[in-house]
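Engineer: When you get a sec, could you give me coordinates for this:
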Amino acid sequence: MQFMFRAVLGVGLVLCAIIAATTTAAATDREAQVDRARGHIVRWDIVQITNGVVVPGGTAVSRDAATGDSVSLTGSGQAKPAERQASGGGTFVHRHADGTLFAQGVYYVTGFASWESLGGSLASTGLIDGVGPANDQSAGEMALRVHLVPNGGGSGFDGVLTIHCNLPGAIREIEEGFSLDVGSFHFAPVAGQGFTLFHILH
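Structural biologist: As a prediction, this is how the structure comes out:
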């Protein structure tokens, strides 16, 4: 009886050790997934497609529903979500609904607001990634604080720029492009008017 008790106890201890090890491994995997989702460094680009190759230097357009005004942006940058740091910038052109130029100039990132990785990749599109490693591609949404400086001087305007990237295989569908909130304007993506891409770098 004593031998059987010791044997059962020994098996029980082994099972506990296996369960603990499995639980620890699963927790480690989940932590790794969370770390990847947050990203050590997340690069963002407003891209263009040239001869089947995705490269930086593209232009995207968003529109304010209330006024019909539109804004065009170029830009690239990067962020460290875990450290809430971000940098980057580009150019902007703001036009009234009738097409007349209202303002143009440059913008730069002043702070980090949020980042959500949505997975996905360009793999099924046949496009070649000319920005970064294909394994680092990700759909997602990143919100950044920005400052816009119009040509001709002036103090400029603060705003919030949200970059939206939709890729095949993402965990949910989003509108491709960017949103920009500045003053009373809320510029939202215009379908088919520009593309973006994220790379999660480690």
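Engineer: Leu122 and Ile49 touch, don't they?
Structural biologist: No. In this structure, Leu122 is not within contact of Ile49 by CB atoms under 8 Å, at 10.2 Å. All C-beta spots, glycine's among them, are computed from the backbone N, C-alpha and C.
Engineer: Which one's more surrounded, the two?
Structural biologist: Leu122 (17 against 14; other CB atoms under 10 Å).
Engineer: how close does the more buried one sit to Gly169?
Structural biologist: According to CB to CB, to the nearest Å, Leu122 stands 10 Å off from Gly169.
Engineer: Excluding covalently adjacent residues, which one is nearest to Val47?
Structural biologist: Gly58 (4.5 Å; CB to CB, 6 or more residues apart in numbering).
Engineer: Equivalent analysis for Gly159, please.
Structural biologist: Among residues not flanking Gly159 along the chain, Val182 sits closest, at 3.3 Å (CB to CB, 6+ apart).
Engineer: ditto for Gln137
Structural biologist: Nearest-residue entry for Gln137: Ser121, 4.6 Å, with adjacent residues in sequence omitted and distances by CB to CB, 6+ apart.
Engineer: Strands of this protein, residue ranges please.
Structural biologist: Counting by DSSP state E, the chain has strands at residues 41-50, 53-56, 60-64, 70-73, 76-80, 85-95, 101-119, 128-129, 137-150, 157-165, 177-182, 185-189, 195-201.
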